[in-house]
Each structure stands twice: as C-alpha cells, then as structure tokens.
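*Asks:* coords please:
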Amino acid sequence: MNITIMSAGTRGDVQPYVALGAGLQAAGHTVTMAVDNHFHTLVTEHGLHHKPINADYMALAQTDAGKDALRGKGIIKLLQMVKPMIQQVLDDTWEAAQGADAIIYHPKALGGYSAAEKLGVPAFFALPLPFATPTAAFAHPLLPWANLGSALNRASYPLVYNGSLASVRGTLNQWRRERLGLGKIGDDLQLGGKPITKLYAYSERVVPRPDDWDASSVVAGYWFLPTEQEYQPPQALVAFLEAGSKPVYAGFGSMTASDAERLTSAVVAALRATGQRGVLATGNGALTEGAFGDDMFVLDQAPHDWLFSRMAAVIHHGGAGTAGAAFRAGVPQIVCPFFGDQPFWGRRVAVLGVGPQPIPRKRITAETLTAAIQSVLNQVEMRERAACLGEAIRNEQGVEQAVSVITDRASMIHAAYSSGFSSGTETGRSGVSPASAASIDVTNSS
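*Replies:* Residues are numbered from 1 along each chain as shown. Next up is the predicted model:
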C-alpha cells in the first residue's frame, strides 16, 4: 500500500510518526511523511518520502506569542497568528494525500480526515495520548483533574475534543466545500457512520486500557526510533559521563520560560545540594547556558533514548515523548509540568511509583527540586520499579503492533472495495459510497 502519514508541530509531534513510517516501510509498504520541512532530514535519513506541510510551529514557538502560549498564556493571540497558516496546512495535507491507499494523521494535520473522506480510503487517527476516546476511568488528559466521576469523565472527552477544534471549524468547512466539494464536517471520529481506528502510541503498562473502550481504540505501545545505533555523541559529553557517577538530566524540551535564569539556578542548586552531577539541556530556552563548573555539562539536546539510560534520574516537563523515553530507559523521573497533557503524565509517573508527585512549573524552586531528588535517591523501591518498567517497555513492540493493526484493517477495507465498491467520490455498484467502505466496522475486530 501507499501510506501517507501526516503530522505537524515540534519534534515530539513528528519523531514517533517517523518511527511508525519506518516500520510500515520495513513491512513492505511505501510511506510518505507529510511534515514540516524542518524535519526533512529526519524523514529522509530513515528512507521515507517527504512532502512538506508548511506549518512551522518550531518558528512560531520562538515568537513572543508562541513563548507566552508555551507558558500557558496568550492562547487567543496565538490562535490569531495560527489562522493564516491553516489554509496552507489544509492545502498541503490534500496535496500529500494524492495517491494514498491509507492516511494516518495527527489531529494537528487538520486536513487528514477530510482527505481520507474525499479519497474514500482508510483513516487512522494517531496520537501519543488517550485524547479522543471517552472513558469513565479518568478525565480527559488535557484537564487538570485526574477524576471527575464516571459521568463527567466521559463527558469531558467530547467537550475538550470539540473545543480544541472550534476555532478552526469555519475555515475547515469552507476549505472542504471549495477545495474538496464536501459538506460541513460532522463527527470526524467516524466515517460512513462507523468509528475510525484510533491508534494511541503509549504503553498499556503506563496507562492501562480502559474496560469501556471498544476495539476501534488501540493502545499500540510506544513508537521509538533506533537512535542509539545511529547517534554519535560529542566527545566532551562522553568524557563527562565517564568522569564520575551517573548524573541527573534536567531539560524542559520545547518549553520556554521568561524566568529561565531562575529555573536554571534552581536546578543547579538542587543538584549540588544533593551531591549530584548534572546534564542540562537548554532545549527551547527554559534553561540557560552558563559557566557552572566541572560538575555540570550543558548541551542543546541529545537523543533521549541514548542519553536517559546513562542517567541516574531525569527531570523534565512531562511531554508524552520525553516521559515515554524515560519510562523506557528505566530511570526515575521528576516531572515539572508546564501545561497541556504534561500534568497527566506527571500524575502517571507518581501513580506508577517511578517518581515523586509532579512539581508544577510555578513551584519549581531549589527547595522543591532538592526534596524530589532526595526522594528519588533514597527510595530503592522507586528505582527498582523504574528499572522493571523500563525492561518491560523495551520488550514491547509498539511499532510492530501498530503496523499489524494498520495493515489488517486497511486490507479489510480494500477487500470491500474489490467486492464492488468504486474508488473516488462516486457511489459504487452496491450503492454504498467509498466513505462507507472505508469505515468497515472495527468495533469488534482485532
């Protein structure tokens, strides 16, 4: 099959999809990655075709409005800046979809669902958190509350999902009408009246699969790239790691901070108060560079799956990808969430007993970090649990599981085509549209 995978955002929004694409290509499929040009090398070095989605969220994150949004402020202003990008994103996703036999899309790739609907091909919603499937087990991961009670938990999912798309619905519907000849978008988690497959790229050991989900929602496991085999670390970093005991990593990824110097001072002070060497990743600017002495090593970034296994513990913002890498490495983690789904992953770390309670970004001080680091160092059971969880996750085959689901379900839909459905937008000989064929009921399939 020709499979197009669409995603937009930062590296954490793209890298897992590249891993999935590499797995699909290894299984014999032809894969096109539709992502921003910023990630062209990441895509092509893994042997995948690249088509650009011109949505440079990385550049947007460096603007004042973007930095405010990453601190949880000024969301309305950011949306106003994003609006001019939306039309381009939609046009690019449609262009990237041409010739696809199946489309896998991150919801930030706004045209993914509509392109699949227009082409009459299978659509797979893919995300590294349980975003779109209601459950009574826990509240939506973007909400600050872990549990609102069964009824409100379930109600929170359509509320957050529809709310997150409300600002772009008008533009999306206009584009569907003018470019694709489609009507207004309805329930974009169904196609032809049946639920589309939702692939969640995390481990059931981290977030157990709720009992009230049907088979249209699949927890596939993490999608990791084999970076460790390819990464060549700087010699200075190797020398630092070999010069003493395992250090503690601290980095906040794509987050920014107006008080980065204060945060950096708090991190360094806490590491020294607990007698720990540190590796500080400046990332998008939440931590700053400086002359800290021989006990601290400062870098921009390094592949987490290479670096984290060489750490005694990891301090991070709680992004889904960073948390997943720390789980896989088998080291305790201290989560300092800034916004979004980060508090959710911080709570999961604490519930699993592989780290202390999360420290919200506003409560990051030398004192709170010192206490958290001490709890990690002093609890042998915590380190053992983290190691056991890491071993279990390393033995999972998340990419292979997702490839199997995609292949089986897409093949089932295409078999329906060969039994009498036509392609394109015309009604087939059986009187059923391709959209209906592309939505073969998977609620009770494997």
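
*Asks:* in a strand, that's where V314 is, yeah?
*Replies:* Yes: when classified by DSSP: H, G, I helix; E, B strand; the rest coil, V314 is found to be part of a strand.

*Asks:* wait, it sits on K246?
*Replies:* No: because the distance of 11.0 Å does not satisfy C-beta atoms under 8 Å, V314 is recorded as not touching K246. Backbone N, C-alpha and C define where each C-beta goes, glycine included.

*Asks:* neighbour-wise, which of these two wins?
*Replies:* Each of V314 and K246 had its neighbours counted (other C-beta atoms under 10 Å), and the higher figure belongs to V314 (27 against 15).

*Asks:* So what sits opposite that one in the bridge?
*Replies:* On DSSP bridges, the residues paired with V314 through beta bridges are Y249, Q333.

*Asks:* distance of it from R383?
*Replies:* Shown here: V314 relative to R383, a distance of 12 Å by C-beta to C-beta, to the nearest Å.

*Asks:* quick one: the helices in the stretch 101-250 of the chain?
*Replies:* Using DSSP state H, counting those that start in this stretch, the helices of the stretch 101-250 of the chain run over 112-119, 150-165, 169-175, 235-242.

*Asks:* Rounded mean pLDDT for the last one, please.
*Replies:* In this model, helix 235-242 carries a mean pLDDT of 97.

*Asks:* pLDDT value on the closest residue to H304 other than its chain neighbours, please?
*Replies:* Once flanking residues are discounted, H304 sits nearest to A325: 3.6 Å by C-beta to C-beta, 6 or more residues apart in numbering. According to the prediction, A325 has pLDDT 97.

*Asks:* what residues are up against A325?
*Replies:* Under the criterion of C-beta atoms under 8 Å, 6 or more residues apart in numbering, the contact list for A325 reads 224, 304-305, 308.

*Asks:* Checking my notes, it in a strand, right?
*Replies:* No: A325 is assigned helix when assessed by three-state DSSP, not a strand.

*Asks:* Now do it against L352, distance only.
*Replies:* Using C-beta to C-beta, which is the criterion applied here, A325 is 15 Å from L352.

*Asks:* Identify the contacts common to V314 and R383.
*Replies:* Residues touching both V314 and R383 (C-beta under 8 Å, 6+ apart) are 331-332.

*Asks:* As a check, name the ranges of all strands in the stretch 151-300 of the chain.
*Replies:* With strands called from DSSP state E, counting those that start in this stretch, the stretch 151-300 of the chain shows them at 190-191, 194-195, 197-200, 217-219, 248-251, 278-281, 296-299.

*Asks:* With the stretch 301-446 of the chain instead?
*Replies:* 313-316, 333-335.

*Asks:* go on, the stretch 1-150 of the chain?
*Replies:* Counting by DSSP E, counting those that start in this stretch, the stretch 1-150 of the chain forms strands over residues 2-6, 30-35, 49-52, 102-105, 123-127, given from the N-terminal end onward.

*Asks:* Quick check: which of the ones you listed is buried the most?
*Replies:* Each of these was given a mean neighbour count from mean count of other C-beta atoms under 10 Å, and the largest, a mean of 28, is that of strand 102-105.

*Asks:* Neighbouring strands of that one in the sheet, and parallel or not?
*Replies:* Checking strand 102-105 against DSSP bridges gives partners strand 2-6 (parallel), strand 123-127 (parallel).

*Asks:* do you know which of the ones you listed lies nearest H40?
*Replies:* Nearest to H40, of all these, is strand 2-6, at 14.5 Å by C-beta to C-beta.

*Asks:* okay, the angle between the closest one and strand 30-35?
*Replies:* What separates the directions of strand 2-6 and strand 30-35 is an angle of 20 degrees, with axes from the mean of the first three to the mean of the last three C-alpha atoms, to 10 degrees.
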